[in-house]
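> The sequence and its predicted three-dimensional model are supplied below.
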Amino acid sequence: MPSSVSITPVVREGEKKKDGTYPVRIRITYKRKQKVVSTNFLVDRSQLTRSFEIKDPAVSEAIAQVVRNMRAAANALDPFEMESMGVSDIAYHIGRALSGGDEAFKLDFPDYFQRIADEKKKNPRTNYLCALHSLCGFMGADHFDISSISSSMMRRYEKHLRAKYGDSARAVSLYTSAVAYVHRRAREEFNNEESDQIPIRNPFEYYHPPRQAAAKAGHRDIDMEIIREMLRRRDELTGRERLGVDLFLISFALMGMNTPDIYGCPRPKGGVIVYRRTKTKERRDDGAEMHVRIEPCVRPLIDEYGDISRAFNFHNRYSRYENLGRAANVGLKAFCERINVPKIDVYSARHSWGTVARNEAGIDPVTVDECMCHVNRSMRMADIYIRKDWSRYWKANAKVLALFDWPD
C-alpha cells in the first residue's frame, strides 16, 4: 500500500515580518520527509491562538479550501508512481495540478531568501539579510516571483551596485553571489532533472557574479618589516596591544586563518588543525575543509594560547568572535601608533600571508590560492576527483614562515 500524504497549514512564530504579519505555509509530509511551500496568505497575531493556530474563521476556511484542493490533487496521483517519488516530487505534481500545467510553479523569492538566511549563523546571516534588503530595494518590491531573477536583471543589479558603492566595493560581489547561492538552493530543492521537472530555469548559466576585486598595492597586506617588528617587540607588550599582535601572528602562521575560524577552531590532532573555513564552506563542494600543520617555529606561540576543548582559549575570555576581533584590532591600532605606521587589522594577516607567499617565498599562484581556501569555480571538477596533497600546502607555509625569526 503506498505511503500517505499529509498536508497541513503551519504558521511559525519565528517568521514574523517587519509589518507584524506572519506568512501561512503548507507543510507536505510524505515518507517521513517534509516540504514546506509558501502561500499568499498573511495573518497578524490577533488572528492566531496562543499556540499559533489560525483562529480567524474567514482565513481558516480559505486556507482549508486550499488544503482540500491539494489533498484532492495528491489523491489523484497514480499510487504505483508515487512509490518512486519523494516529497519534492509530490509537491511539484500538486502545484502543477492546481494551476493546470507547467506554469504552475510560483515561489516568492524574498520569502525563500529569508528562509535560507535564517539557516545561517549570525555573521553570514547578516550578510544575506543585507543582500536581501538591497535586492528588494532594487526591485522596488518586498515580494516577487523567482522568475523575475534573469541574467539581464542580474546585470542591471550589478550595474546598480557598482554605481551605488563603487566598482571595487565588496558589496558588488557579495550581494550578487548571495542571490546566486539562494537561487541555486531553490533549484536544488524544486528542480528534478531526472524526472524532467525543471520549474526554475537557471539564469546563472548566462550571468556570473563578479569576483572580489583584486587588492591594490599596499591594500591590507603589510610590509614584512612590520611583522618582524611584531616578533621583536611582542614581549614588551601587554593587554590588548599584546592580544592584537599575537592574534595577527597566529593568523599569519596558520596560512591566514580568519578570526571566526581561530575562535572556534578544534584542537589539533598529530600537530595538524582540521577546520572548515567559515567564509567559503557554503560555496565550496568540499565544504572548505582545511588541514594546517603547526610548524615547529610557531609552536611556542600556538601553545601559549592552547586550550583543552579547542585549539585556542580565546572563547574563555570573549563570548563571541566579534568581540575578540574588536579587542584585537584596538590593540593593533595601539601597536601601529607605537611604531608609527598606518593602522592595520587582524584580517591584514591573511592578505599579508598571500603577498609574502607569492612575492617573497616564490610560491606559485595556484598553490597560494589553494592555501587560502578561496572559491575557485574553474577547479571544481578537479577538486572532486583529485585527492588533496596537504603536504604541498604545508611546505609552502613552512617556506613563508622561514622568512621570519619566531620566538622560542
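In hand now; what should we look at? Bear in mind the structure is a predicted one, so any value in this text is a computation, not a measurement.
> how about the helices of the stretch 1-150 of the chain, start to end?
57-75, 79-82, 87-99, 109-118, 122-139 (DSSP state H, counting those that start in this stretch).
> Please convert those helices to CSV, extending it with mean pLDDT, mean neighbour count and distance to residue 326.
All C-beta spots, glycine's among them, are computed from the backbone N, C-alpha and C. CSV is the format used below for the helices of the stretch 1-150 of the chain (pLDDT from 0 to 100; neighbours: other C-beta atoms under 10 Å; distance: least, C-beta to C-beta, whole Å):
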stretch, mean pLDDT, mean neighbour count, distance to residue 326
helix 57-75, 87, 14, 46
helix 79-82, 76, 12, 55
helix 87-99, 74, 19, 43
helix 109-118, 90, 19, 24
helix 122-139, 86, 16, 13
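> Which one of the ones you listed lies nearest to residue 367?
helix 122-139 (27.3 Å; C-beta to C-beta).
> tell me the angle the closest one makes with helix 109-118.
Relative orientation of helix 122-139 versus helix 109-118 (axes from the mean of the first three to the mean of the last three C-alpha atoms, to 10 degrees): 170 degrees.
> after the longest helix seen in the chain comes which helix or strand?
Scanning the chain for the helix with the most residues, using DSSP state H, yields helix 170-190. Next helix or strand after helix 170-190 toward the C-terminus (DSSP states H and E): helix 224-233.
> Packing partners of that following helix?
When contacts are defined as 3 or more C-beta pairs under 8 Å, 6 or more residues apart in numbering; DSSP states H and E, helix 224-233 sits against helix 239-253, helix 321-339.
> residues making contact with the last one?
The contact list for helix 321-339, computed with C-beta atoms under 8 Å, 6 or more residues apart in numbering, reads 123, 226, 229-230, 233, 237, 239-245, 247-248, 259-260, 262-264, 314, 317-318, 342-346.
> Out of these, which end up buried?
Buried subset of the contacts of helix 321-339 (neighbour count, 16 or more other C-beta atoms under 10 Å): 226, 229-230, 237, 240-245, 247-248, 259-260, 262-264, 314, 318, 344-346.
> Could you grab the helix/strand/coil label for residue 388?
coil (DSSP: H, G, I helix; E, B strand; the rest coil).
> how far away is it from residue 304?
30 Å (C-beta to C-beta, to the nearest Å).
> circling back to that earlier point, pick the most buried one from the helices and strands packed on helix 224-233.
Most buried of the helices and strands packed on helix 224-233, by mean neighbour count (mean count of other C-beta atoms under 10 Å): helix 239-253, with a mean of 22.
> tell me the angle of that helix relative to helix 321-339?
Using the same axes, to 10 degrees: helix 239-253 against helix 321-339 is 100 degrees.
> who's in contact with helix 239-253?
Helix 239-253 is contacted by residues 227, 230-231, 233-234, 237, 257-259, 262, 294-295, 298, 301-302, 304-305, 312, 314, 324, 327-335, 338, 344, 346, 348-350, 352-353, 401, 406 when judged by C-beta under 8 Å, 6+ apart.
> Give me the distance between the two termini of stretch 308-316.
Taking C-alpha to C-alpha, to the nearest Å, the first and last residues of stretch 308-316 lie 11 Å apart.
> what does stretch 231-243 give?
With C-alpha to C-alpha as the measure, stretch 231-243 spans 13 Å from end to end.
> Show me how far that stretch is from its chain's centre.
Put simply, stretch 231-243 sits 34 Å off its chain's centre (C-alpha atoms, centre = their mean, to the nearest Å).
> need the helix or strand of the chain with the lowest average pLDDT.
When the helices and strands of the chain are scored by mean pLDDT, DSSP states H and E, helix 380-385 comes last with a mean of 46.
> The very next helix or strand once past it to helix 239-253, inter-axis angle?
As assigned by DSSP H and E, the chain's next helix or strand after helix 380-385 is helix 390-401. Angle, helix 390-401 to helix 239-253, by the same axes, to 10 degrees: 130 degrees.
> buried residues in helix 390-401?
393, 394, 396, 397, 400, 401.
> Quick check: chain neighbours aside, which residue is closest to the first one?
Read that as residue 393. residue 371 (4.9 Å; C-beta to C-beta, 6 or more residues apart in numbering).
> Please apply the same query to the fourth one.
Distances taken as C-beta to C-beta, 6+ apart put residue 255 closest to residue 397, at 5.2 Å, once the chain neighbours are dropped.
> and the one you found, what pLDDT?
The model reports residue 255 with a pLDDT of 93.
> Specify the local secondary structure of it.
coil.
> surely it meets residue 371?
Yes - between residue 255 and residue 371 there is a contact at 4.9 Å, judged by C-beta atoms under 8 Å.
> so what's residue 259 closest to, chain neighbours aside?
The shortest distance from residue 259 to any non-neighbouring residue, by C-beta to C-beta, 6+ apart, is to residue 325 (4.4 Å).
> so what's that neighbour scoring on pLDDT?
Reported pLDDT for residue 325: 92.
> Begin at 29 from now on, thanks
Right, with 29 as the first residue, what we last looked at is residue 353.
> Could you say which helix or strand holds the closest residue to residue 252 other than its chain neighbours?
Of all residues not flanking residue 252 in the chain, residue 384 sits nearest, at 6.3 Å (C-beta to C-beta, 6+ apart). Following DSSP H and E, one finds residue 384 within helix 376-387.
> Could you pull out the buried residues of that helix?
Within helix 376-387, the residues scored as buried using 16+ other C-beta under 10 Å are 376, 377, 378, 379, 380, 381, 382, 383, 384, 385, 386.
> Nearest to residue 395 among those?
Closest to residue 395, out of all of the buried residues of helix 376-387 and judged by C-beta to C-beta, is residue 385, at 8.0 Å.
> Hmm, residue 430 and the closest one touching each other?
No - with contact defined as C-beta under 8 Å, residue 385 does not count as touching residue 430 (11.6 Å).
> between the helices of the stretch 29-178 of the chain, which gets nearest to residue 212?
Closest among the helices of the stretch 29-178 of the chain, using C-beta to C-beta: helix 137-146, at 10.1 Å.
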